[in-house]
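In: what's the 3D shape of this:
(2 chains)
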Amino acid sequence: MDFLAPTSWAEALECKAAHPDAVAIAGGTDVMVELNFDHRRPPALLDLNRVPELADWALDDGRVRLGAGVPYVRVISELGHLLPGLAMAARTVGSPQIRNRGTVGGNLGAASPAGDSHPALLAAFASVEIGSVRGTREVPVAEFFTGVKRSVLEPDELISAVLVTPPSGPQQFSKIGTRNAMVIAVSAFGFALHPDTRTVGTGIGSAAPTPRPAPEAAAFLAGELEAAGLWSSRGALPATLATEFGRRVRDAAAPIDDVRGSAAYRSHALSVMARRTATWAWDAYRDENRSAA
Amino acid sequence: MKFSINGVAGSGEPQPGQCLRTFLRDQEHFEVKKGCDAGDCGACSVLVDGALVRSCLYPAVRADGAEITTVSGLGTPEDLHPMQQAFVDHFGFQCGFCTAGMIVAASTLDSTDDLPRRMKGNLCRCTGYRSVRQAIEAGVRGDPPRPAPGCGVGDSPNPPAARRVVTGTEPYTFDLAVPGSLHLRVLAAPHAHARIRSIDTSAAEAVPGVVLVLTHENTPQERYSTGRHEHREDDPDDTRMLDDVVRHVGQRVAAVVAESVAAAEAGCRALVVDYEVLPAVVDPEEARRPGAPLLHPDRTPADRVDEAGRNVVLAVHGGHGGDVDAALAASAHTVSGTWRTSRVSHAQLETHGAIGWLEDDGRLVLRASTQVPFLTRLELARLFGLPEDRVRVHTARVGGGFGGKQEIFAEDLVGWAVLRTGRPVSYELSRTDEFQRTSVRHPMRVGVTLGSTADGVLTAMKVDVLSDTGAYGNHSRGVLFHAIAESVSVYRCPVKHVDAEVVYTNTVPSGAFRGYGLGQVILGVESAMDELAIELGLDPFELRRRNVVRDGDPLLVAQHAEPEPDLVWGSYGLDQCLDLAEEALARGNGVEPPPGWRVGEGMALALITTVPPFGHVAHAAIHLEPDGTYRVDVGTVEFGNGSQTVFTQIVASTLNTTVDRIVLRVADTDAVAYDTGAFASAGTAVAGKALHGAALDLRAQILSRADGVLERDGVRTAAGLVPFAEIGPLTGTGAEFGEQRSLSSNVHAVRVAVRPETGEVRILQSVHAADAGTVMNPEQCRGQVEGGVAQGIGSALYEEVLIGEHGEVLNPVFRTYRVPQMADIPDTEVYFATTSDTLGPYGAKSMSESPYNPVAPAIGNAIRRALGARPYEQPFSRDRVWRLTQPRIMEP
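Out: From the prediction side, this is the model:
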């Protein structure tokens, strides 16, 4: 097994082009498990730890450009205001040891349906910036995942960054596990209010083969808010509306019975989380108005 | 590459893909432990340039130029880091295997706010976390060291190894560099049931570095049991080292011995096995139906398999007092239910394994992670056709056991490979091996029907048990007998009947596990008692008081009308336990439920014998040296049970000396003549008693040479102090055979809050009352109780080894098998009854398995009272509890 350790983004892309079957490794929190358990014996590992271009975040043309190698611990400490939903999700990731090493880019690359970042990124309408020696492309997170642990990444491509517009409204993240300090979610949900476009963002985790949004439920909620004039009046979110939203989110999921829980429970949990997160976010939106007034 | 470890510069080249954990261990930094190698347990935590990481997930090559700090770099036994000191002072460990990583993680904390979340990366299986939490709080505060404790019986001295454990300098099984050692790895069966037509080993043998391939064709084919007992006839002879039939997914098919782990693994991949796949049965009810696939059709009662034609290893059917159905029909009240328990993994953080080598004279030596070195030696000598004295088995400190190491899961292959190659051989199981190939708690289906008078006096008791032993019968018979013993005999009831069977299925074998089957049946009996209390409108404590055995009552299991003659009430504390738990629960603890959650209280009791039936043997010797040192030889193993601490206390008290004058040698077949082993809670009651006998013997010998008062430096006589140099050397010996058994009791009570919407259960108050007789070491004994309670909570709420339709383990890693974290375990108020036992040393009784037994039913009873609906299936997961709140889709 070769260990490729490029020290620049250009060199990384050249490595990946020359060794398309090399496995990219960021924090190592997924890949090393597979190596330790002998589940995977790739011909080469491509270590992205020393690529400086991946190691930071910046505001770029009105968007946050989050380098693929930024660990969760920095998302939590530095990006709570710009990526609130993602920061909330990052707090629930693994343990301190994992948060020190794991990255959003690595989470995307692994493309697990249970990845903690994904619901928050979906709700925030984020995009994935993908590079190769052929050039750079941008894929909305909602179109990034193609199946269980599969994504649109071509063999010569690497994830360089996540691009997210700073929020115009409150965001929420909720995860139901099997115990108090959960590590792996039974199901998870990301929610974002986008008052600037009067839209709602949603992201479902651990309840379908891929992380996915609930576009019908989101459009329904945004439309009902519009129809009732609530975006402007910032009146209370009717409980029946929140419950119906939860029901529609649940219907957007396709969970199965597995080691994390029964399909019935995971669907139910999703409806509860969707209802709760929408209510929390809407209450925060109303509070914003009050504090502004 | 270059790096520094604990301030010492080093260099080396890691292998491709190697993680930092194995690289550090290659550098003989054995303080970096392996619990899972999947980033879930935290035992391998180290600091890299000051940042806390899991070294199992850290590519070793990234350490180039880095400064690495392990627990041994934080402090030394002579100069402890404040966090290490705090872990010593607060008894923040039992087996200590998680401690190195735990302390490294804790050393990075500057605040204890939200400690459970900060420490969620570190699992402990022994303590239940209360002592760990207090240690971390003290360490962060920088508390001064605790004043030196007393060291006699009733004091709370620290374990003798404490300062080494917290600095990572106490060696465990694999913390030993063996030059020239070969590595053994095993090929796992992909089928639940198959006959091996052939194994082509040629490609494997051609892998560079492969030295030996073992299959059923070149290993002893005599049948034995992996489970070990004082009497080998307690277990069925149904297992071969390597068999030509595989009976569960993950069973050993072949073993490859090679110069490196990588070569051994490559050799396993190169084996070509031709299987004839056979029909399999996964469900225990199906397994005993006519026409079911038979797992061991050729075994007979002579092999201790009662009815191989029905997959039944042991059947117990019987009753006394008359016709139970008639008695139930005539009862004023009856209640009935069927409960199910899950497979549970011991999840001791040190996996099984052994290192073996030949001594110069050719004697086989095994250093194993075992609770039973003597029993292992006996069986291996038999299997290999060697005289017993040609095999030596010993342990270092063992990183947890809980019954899972009362088995031979590695020593046989290692021993045989050593004999075949003449070279040292090492075999360390992975965490996934543990789940697939060792043993789990027997899952049981327990039906209980109770009848009572209008006043709540039991009239009839009917118990129906179906136990699933998986593919092999190790411990299946003993566990079933134990399961239907004190769970039933604790109640006075004129008519009792039991139907109990244990069956084979094509699944991972079940085995010995803390409580040894009692907890499963107690779940049924104590839940049914709770239902009866509800039916009668009686307080559950009161219902117990009306029906439990009282001091001196005969203990009657269902299948015998007479009590077993070796059972004696050496002391009785069940009444005190009921009172203590009831009072504490009534006092409350001020913890309020969150708004909208429903609250319920529940309790359950448990009784257990202090020694296993049919004898348990221990020998001990104490040698007085002329300088006043006492060298103590005991056969039993230290694996977190605290027996070494108690041994030093017994010696210190009896011989009026101090711990620094006591040198222990334990767990070595060379140390003493024979010791049955560290199981069945026998450490204090049996080995401790043998040692007490040795101490009394030695004391008498000393005082026969100098008449006076025994002191630390000699004997004070009328003529002055006679130093030991004028008295010794002398040797005192003692032995105990476990010919009589007393009883310990436990009562657990909880107040829980349940959130109907999500099925979440939060324990608001947890109370445990225990009758341990004289409490030898209150801090340690409290830790044993807390640890048992924590495992009970894990079984009750979280833990389940899931089996797929083809019999495979679906969750063989800690990420999906949920060992409780700090956030999952509340503090438990622990109360001890004040009794003194006539059998045990200094009046002590056993207290290591029993705290587990009443926990799950107490929690289930509390959920029942919170929701008005009873959970019948363990674990009472959020999923299942939520379903209890849903109309129409309720289970049983």
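In: C-alpha only now, for contacts and for neighbours.
Out: Will do.
In: From what I see, residue B:440 and residue B:343 are in contact.
Out: Yes: checked against C-alpha atoms under 8 Å, the pair residue B:440 and residue B:343 is within contact range at 5.7 Å.
In: Would you report the backbone torsion angles of residue B:598?
Out: Residue B:598 adopts backbone torsions of phi -100, psi 150, taken as degrees, to the nearest 10.
In: Repeat that for residue A:278.
Out: The phi/psi pair for residue A:278 (degrees, to the nearest 10) reads phi -60, psi -40.
In: So for it, what's the pLDDT?
Out: For residue A:278, the pLDDT comes out at 98.
In: higher neighbour count, residue B:440 and residue B:343?
Out: Using other C-alpha atoms under 10 Å in any protein chain shown as the criterion, residue B:440 and residue B:343 rank with residue B:440 on top: 27 against 23.
In: Who does the more buried one form a beta bridge with?
Out: residue B:345, residue B:510 (DSSP bridges).
In: in the chain, which ranges drop under the pLDDT threshold?
Out: Assuming you mean chain A. A:181-183, A:289-293 (pLDDT under 70).
In: try chain B instead
Out: Using pLDDT under 70, chain B drops low at B:888-892.
In: returning to what we had before: shared neighbours of residue B:440 and residue B:343, anything?
Out: Common neighbours of residue B:440 and residue B:343 (criterion: C-alpha atoms under 8 Å, 6 or more residues apart in numbering or on different chains): residue B:510.
In: And the strand or helix carrying residue B:524, what's buried?
Out: For residue B:524, the host element (DSSP states H and E) is helix B:518-536. For helix B:518-536, burial by neighbour count (16 or more other C-alpha atoms under 10 Å in any protein chain shown) applies to B:518-533, B:536.
In: by contact count, what packs against it?
Out: Other helices and strands packing on helix B:518-536, by 3 or more C-alpha pairs under 8 Å, 6 or more residues apart in numbering or on different chains; DSSP states H and E, are strand B:333-340, strand B:444-452, helix B:476-483, helix B:486-489, helix B:540-547, strand B:598-609, helix B:855-867.
In: Please save the CA atoms from that helix in CSV.
Out: Extracted C-alpha coordinates of helix B:518-536, given in CSV (Å, rounded to 0.1, in the frame of the first residue of the first chain):
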residue,chain,number,x,y,z
LEU,B,518,-30.4,-15.6,37.3
GLY,B,519,-31.0,-12.1,35.9
GLN,B,520,-33.0,-13.5,33.0
VAL,B,521,-35.5,-15.5,35.1
ILE,B,522,-35.6,-12.9,37.8
LEU,B,523,-36.8,-10.5,35.1
GLY,B,524,-39.8,-12.7,34.7
VAL,B,525,-40.5,-13.5,38.3
GLU,B,526,-40.0,-10.0,39.7
SER,B,527,-42.1,-8.5,36.9
ALA,B,528,-44.8,-11.0,37.6
MET,B,529,-44.6,-10.1,41.3
ASP,B,530,-45.0,-6.5,40.4
GLU,B,531,-48.0,-7.3,38.3
LEU,B,532,-49.5,-9.2,41.2
ALA,B,533,-48.9,-6.2,43.5
ILE,B,534,-50.8,-4.0,41.0
GLU,B,535,-53.6,-6.6,40.8
LEU,B,536,-53.9,-6.7,44.5
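In: what is the orientation angle of that helix with strand B:598-609?
Out: Relative orientation of helix B:518-536 versus strand B:598-609 (axes from the mean of the first three to the mean of the last three C-alpha atoms, to 10 degrees): 130 degrees.
In: for the residue lying closest to residue A:106 once chain neighbours are set aside, what are its contacts?
Out: Distances taken as C-alpha to C-alpha, 6 or more residues apart in numbering or on different chains place residue A:26 nearest to residue A:106, at 5.8 Å, with adjacent residues excluded. By C-alpha under 8 Å, 6+ apart, residue A:26 lies in contact with A:47-49, A:69, A:102-103, A:105-106.
In: of all the helices and strands packed on helix B:518-536, which lies closest to chain A?
Out: When the helices and strands packed on helix B:518-536 are compared by C-alpha to the nearest C-alpha, helix B:855-867 sits nearest chain A, at 15.3 Å.
In: hmm, back to that, just name the most buried of the helices and strands packed on helix B:518-536.
Out: Across those, averaging neighbours per residue (mean count of other C-alpha atoms under 10 Å in any protein chain shown) puts helix B:855-867 on top, at a mean of 28.
In: So that helix, near chain A or not?
Out: No: figure legend: helix B:855-867 not in contact with chain A (C-alpha under 8 Å from any C-alpha of the partner chain); closest approach 15.3 Å.
In: Show me how far that helix is from its chain's centre.
Out: Mean C-alpha position of helix B:855-867 versus that of the full chain (C-alpha atoms, centre = their mean, to the nearest Å) differs by 25 Å.
In: what's the answer for stretch B:418-428, then?
Out: The answer for stretch B:418-428 is 27 Å, by C-alpha atoms, centre = their mean.
In: buried stuff in that stretch?
Out: So stretch B:418-428, judged by 16+ other C-alpha under 10 Å, has buried residues B:418-419, B:423-428.
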